[in-house]
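> starting from these lines, generate the structure:
(one chain, ligands or ions: 2)
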Amino acid sequence: MSAALETRGLYRRFGGLQVTDNVSLKLEPGARHALIGPNGAGKTTLVNQLTGVLRPTRGAVFLDGREITALPASRRVRLGLARTFQINQLFPDLSAAESLGVAIAEREGFGAALWRAAGSRGAIVEEIAELLARFGLTAEMDRPARTLAYGRQRLLEIALALACRPRVLLLDEPAAGVPEGERRDILAALAALPEDVAILLIEHDMDLVFSFARRISVLVSGRILAEGAPEEIAADARVRAVYLGEDGHG
Ligand SMILES: Nc1ncnc2c1ncn2[C@@H]1O[C@H](COP(=O)(O)OP(=O)(O)OP(=O)(O)O)[C@@H](O)[C@H]1O
Ligand SMILES: [Mg+2]
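Numbers count the residues shown, from 1 in each chain. Ligands and ions are numbered 1, 2, ... in the order given. The predicted structure is shown next:
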């Protein structure tokens, strides 16, 4: 079986800075894989190359065995690759229910302009209700997204990514900026994501990383420093040196 997502020898430079340096990464179907590393290690830059926001200087990206290195971002989403952003990017004036309607309409090819019509179809109404329930957003489904607590906004973002029916989901710091009291909801939502979706989680919160991941890659200065099961990573001397003094797991 092909990997759900794979990169082979990716390189990316910004001027004199090698931000992605020979990154090869493999996510099996249903993977729970975390990508960790210090600020500026190149994690978001890597995600941008996976999603097609940035082109690698060299190397290749495969989705389900199919090369997607040169495909535009929108094509990749349709092929089953979805992501959330480190900084939240919702439609601020739409409600959670409306936003999900737009996302589903896009997926089904109705076009965002027709989402109102599409939103009245039974199957779509049901799907919206299911997604709202899965992320605990039902009670607030009609409020403009900008009025939701920040943790709820982040949950809505994950719900929107899931509305694309991805086979691979890239989560770039889903708990960033979320106050302590709401982090547990994010953790629960991550734990309840569909089993068959391969997930790459980028996160600085090591409790979240170690509770979620079955495999961890450590990126430092654009390179994969180590990859392995959580126990191996926690025990790795090179990784511990990078994280020294940062967190109890390291
Ligand atoms: N468009 C760009 N042009 C020039 N340099 C960039 C650009 N985007 C990112 N960089 C640089 O590339 C490096 C990696 O940045 P990136 O955002 O990928 O790191 P990161 O691992 O996601 O960090 P963080 O944990 O803080 O989110 C940084 O030194 C950053 O300044
Ligand atoms: Mg980042």
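> model confidence for the closest residue to Glu67 other than its chain neighbours, exactly?
Computed as Cβ to Cβ, 6 or more residues apart in numbering, the closest residue to Glu67 that is not its neighbour in sequence is Ala60, at 5.8 Å. Yep, even glycine has a C-beta here, placed from its N, CA and C like the rest. We note a pLDDT of 98 for Ala60 in this prediction.
> low-confidence ranges in this protein?
Applying pLDDT under 70 to the chain flags the ranges 86, 111-120, 244-250.
> in the chain, which spans are strands?
With DSSP state E as the criterion, the chain has strands at 5-14, 17-27, 32-36, 58-63, 66-67, 81-84, 168-172, 198-202, 215-220, 223-228.
> mind putting these into TSV with mean neighbour count and distance to ligand 2?
Supplementary listing: those in TSV, determined by neighbours: other Cβ atoms under 10 Å; distance: least, Cβ to the ion, whole Å:
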stretch	mean neighbour count	distance to ligand 2
strand 5-14	18	14
strand 17-27	19	11
strand 32-36	24	10
strand 58-63	18	18
strand 66-67	11	25
strand 81-84	24	12
strand 168-172	24	6
strand 198-202	24	7
strand 215-220	22	10
strand 223-228	17	16
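> tabulate these (CSV), appending distance to Pro92.
Compiled in CSV, the strands of the chain are given as follows (distance: least, Cβ to Cβ, whole Å):
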stretch, distance to Pro92
strand 5-14, 30
strand 17-27, 30
strand 32-36, 29
strand 58-63, 31
strand 66-67, 35
strand 81-84, 16
strand 168-172, 19
strand 198-202, 24
strand 215-220, 32
strand 223-228, 37
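> quick revisit: isn't the residue nearest to Glu67 up against Thr69?
Yes: the pair Ala60 and Thr69 passes the contact test of Cβ atoms under 8 Å, sitting 4.7 Å apart.
> follow-up on the earlier one: distance check, the residue nearest to Glu67 against ligand 1.
Ala60 is 19 Å from ligand 1, where distance means Cβ to the nearest ligand atom, to the nearest Å.
> residue contacts, that residue?
In this structure, Ala60 makes contact with 7-10, 67, 69, judged by Cβ atoms under 8 Å, 6 or more residues apart in numbering.
> if we use 10 Å, what do you get?
Under the criterion of Cβ atoms under 10 Å, 6 or more residues apart in numbering, the neighbours of Ala60 are 6-10, 24, 67-70.
> repeat that for Gly65.
1-4, 6.
> most centrally placed residue in this structure?
Central residue check for the chain by Cα atoms, centre = their mean: the C-alpha nearest the mean position is that of Leu171, 1.8 Å away.
> hmm, it is touching Leu200, no?
Yes: in this structure, Leu171 sits in contact with Leu200. The criterion is Cβ atoms under 10 Å, and the distance is 7.0 Å.
> now the common contact residues for the two.
Common neighbours of Leu171 and Leu200 are listed as 34-35, 47, 83 (criterion: Cβ under 10 Å, 6+ apart).
> closest residue of this protein to ligand 2?
Among the residues of the chain, Thr44 lies closest to ligand 2, at 3.2 Å counting by Cβ to the ion.
> that residue touches Glu173, doesn't it?
Yes: between Thr44 and Glu173 there is a contact under Cβ under 10 Å: 8.4 Å.
> related to what we said a few turns ago, among the contacts of Ala60, which one sits closest to ligand 1?
Distances from ligand 1 to these, taken as Cβ to the nearest ligand atom, are shortest for Leu10 (12.4 Å).
> beta-bridge partners for the closest one, please?
According to DSSP bridges, the residues that bridge with Leu10 are Val23.
> what's the local residue count around Ala31?
Other residues within reach of Ala31, judged by other Cβ atoms under 10 Å, total 20.
> next up, the contacts around it.
3-5, 168, 197-201, 213-215.
> of the residues you listed, closest to Ala159?
Distance to Ala159 across the contacts of Ala31 (Cβ to Cβ) is lowest for Val197, with 13.0 Å.
> could I get the shared contacts of Leu171 and Leu200 as JSON lines with distance to Ala103?
Supplementary listing: those in JSON lines, determined by distance: Cβ to Cβ, whole Å:
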{"residue": "Ala34", "distance to Ala103": "25"}
{"residue": "Leu35", "distance to Ala103": "24"}
{"residue": "Val47", "distance to Ala103": "19"}
{"residue": "Arg83", "distance to Ala103": "13"}
